[in-house]
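> Can you look at this prediction? I've put the sequence above it.
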Amino acid sequence: EFGENIIADDCSRKDILQNVERYLMSETMLPELDRIYASKPNTKVQGHPVHYMLQTDNVDTRREGSKLLLQALYANGRVSSKRYCFLNFRPGENFSMMAYDSLYHVCAGGAMVVRYFANDDSEDEGVAGGERDTIERICEVARHHRNQVLTIICLPRECKKAKALFYENLGSMAFVEIREDFANSERSVTYLKMLAKDHRIR
């Protein structure tokens, strides 16, 4: 299951920072955005110094978090193409390596958002062979295209074993982790008030 989209380039840094607050990602996303905006845009840069791992259990946070990150990266020349693809993978799922590799070729200069729907494996013992094979194949293609395509791997908020398998198979690729924040009671109230204001309700 896959699709493609275009990075919107009409968002200012202020807009992006405000939207990060809306999706409870400020703790890890804001420092990375500061690093992205710290250097002047450079269209001559080749390769990607880091890729990203986005961990959340919320569909909207995953979708919008990826978009905000890509908008900042495009605005600062870290990706040169507005085009990006997104794919869904599930543990043990069979897929065509040729088709997957072709999508990376199509996205040269852009980004690939890999959404891996691992189960919460925090209490499981070991990792099934099918899941290991799926992750190994995902990582093989990502490694091959690491200098041409920026990869964002999306995982559930808590999936220690699957995450460890990704790192085991990603080799020398450097990743910055961005996670959905846990909200205490005070922050939860503030967040709820913000959502209510957006919808013009008490």
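Structure's in. What do you need? Numbering: from 1, shown residues only.

> can you give me the strands in this structure?
With DSSP state E applied, the chain shows strands at 2-6, 51-55, 83-89, 111-116, 150-155, 175-179, listed in chain order.

> could those strands be laid out in CSV, adding mean pLDDT?
Converted to CSV, these look like this (pLDDT from 0 to 100):
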stretch, mean pLDDT
strand 2-6, 90
strand 51-55, 95
strand 83-89, 93
strand 111-116, 96
strand 150-155, 96
strand 175-179, 94
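
> For Gly130, which of the ones you listed is the nearest?
strand 83-89 (11.6 Å; CB to CB). Yep, even glycine has a C-beta here, placed from its N, CA and C like the rest.

> What helices and strands are in contact with that closest one?
strand 2-6, helix 97-106, strand 111-116 (3 or more CB pairs under 8 Å, 6 or more residues apart in numbering; DSSP states H and E).

> ok, it: who's next to it in the sheet?
strand 2-6 (antiparallel), strand 111-116 (parallel) (DSSP bridges).

> Tell me how far the residue nearest the centre of the chain lies from Arg200.
Geometric centre of the chain, nearest residue: Ile152, 3.6 Å, by CA atoms, centre = their mean. To Arg200, Ile152 is 33 Å away according to CB to CB, to the nearest Å.

> ok, how many other residues are close to the closest residue in space to Arg179 that isn't next to it in sequence?
Spatial nearest neighbour of Arg179, excluding adjacent residues (CB to CB, 6 or more residues apart in numbering): Gln55 at 4.5 Å. Here the number of neighbours of Gln55 (other CB atoms under 10 Å) works out to 21.

> which residues of this protein score low on pLDDT?
40-45, 120-129, 182-188, 190-191, 194 (pLDDT under 70).

> what's near enough to touch Pro31?
Applying CB atoms under 8 Å, 6 or more residues apart in numbering to Pro31 gives no contacts.

> do you know how far it is from Arg179?
Taking CB to CB, one finds Pro31 at 12 Å from Arg179.

> Pretty sure Asp60 sits against Tyr23.
Yes. Using CB atoms under 8 Å, Asp60 is in contact with Tyr23, at 6.9 Å.

> and those two? which has more neighbours close in?
The residue with more neighbours, out of Asp60 and Tyr23, is Tyr23; 20 against 10, by other CB under 10 Å.

> List the contacts of Met25.
Thr56, Thr61, Gly65, Ile178, Arg179, Glu180, Asp181.

> The first one touches Cys159, doesn't it?
No. The pair Thr56 / Cys159 is not scored as a contact, 11.2 Å apart, by CB under 8 Å.
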